[in-house]
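**Student:** Provided below are the primary sequence and the corresponding predicted coordinates.
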Amino acid sequence: MSRLDFYFDYACPWCYVGAKTVREVAAEGVQIDYHVWKMPENANPPAKPEGYFEAATARLKQLREEAGLRLSSPVQKETIPALIATKVATDMGQAEAFVEAVFHAHWADKQDISDRDTLVALAEKAGLDATAFRTALENEAGEAAFKADLAKATELNIDTIPSYLNGEKRLLIHHFDDVPTIETLRELAR
């Protein structure tokens, strides 16, 4: 079976666009394993060259229009609660639907994805039992799985997102011009 590991953070608009492409290859039978990632606090990424943000904004607009995605500025930047909730949804068998719901809530609907009640409502929208999801959020399993994803990313030398892996094959996106097409992900998944 074809498969991909997808590392992402809801704060990243490139991950929002990439998640749609990931869902498209999943619909073709590729097994997707969703892994959350957060820039380490002690990270010191290189400065962006002059004109980078203007070019990135233009490219993001183009990709957003091609993908038919709504995109607006999020209401907050803290995504750790949503990343932990994603691991709970994964354990409950609804990673794809939950990831889609959270990305849409964050980037299209400007909802606060750091709010527990919002996350429970999104879980219910994704087909999960709200009470069971809330209970699972209250135990430490989601946080442990979140930390395990971060540790695995460090072990794999993942230093950027979105990142796509299949065994030894890797595609780590360091520049907006490198955002993969569906054909690229199909090839990577083989």
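**Tutor:** Now that the structure is in, tell me what you want to look at.

**Student:** check what pLDDT residue 67 gets.
**Tutor:** Confidence at residue 67, expressed as pLDDT, is 84.

**Student:** over to residue 56?
**Tutor:** Predicted confidence (pLDDT) for residue 56: 86.

**Student:** make sure it is indeed in a helix.
**Tutor:** Yes: applying DSSP: H, G, I helix; E, B strand; the rest coil, one finds residue 56 inside a helix.

**Student:** do you know how far it is from residue 130?
**Tutor:** To residue 130, residue 56 is 37 Å away according to C-beta to C-beta, to the nearest Å. Glycine gets a C-beta too; all of them are placed from N, C-alpha and C.

**Student:** same deal with residue 77?
**Tutor:** On the measure of C-beta to C-beta, residue 77 and residue 130 end up 26 Å apart.

**Student:** the two: which is more packed in?
**Tutor:** Higher neighbour count among residue 77 and residue 130: residue 130, with 14 against 8, using other C-beta atoms under 10 Å.

**Student:** isn't the more buried one up against residue 121?
**Tutor:** Yes: between residue 130 and residue 121 there is a contact under C-beta atoms under 8 Å: 7.4 Å.

**Student:** what's the helix-or-strand element of the chain with minimal mean pLDDT in contact with?
**Tutor:** Across the helices and strands of the chain, mean confidence by mean pLDDT, DSSP states H and E is lowest for helix 52-67: a mean of 86. With C-beta atoms under 8 Å, 6 or more residues apart in numbering as the test, helix 52-67 has contacts from 13, 14, 17, 20, 21, 70, 71, 176, 177, 179.

**Student:** mean confidence for the following helix or strand past it?
**Tutor:** Note on helix 52-67: by DSSP states H and E, the next helix or strand toward the C-terminus is helix 80-91. Helix 80-91 shows a mean pLDDT of 97.

**Student:** what does stretch 32-45 give?
**Tutor:** Stretch 32-45 comes out with an average pLDDT of 87.

**Student:** now it: buried residues?
**Tutor:** Neighbour counts over stretch 32-45 (16 or more other C-beta atoms under 10 Å) mark 32, 34, 35, 36, 37, 38 as buried.
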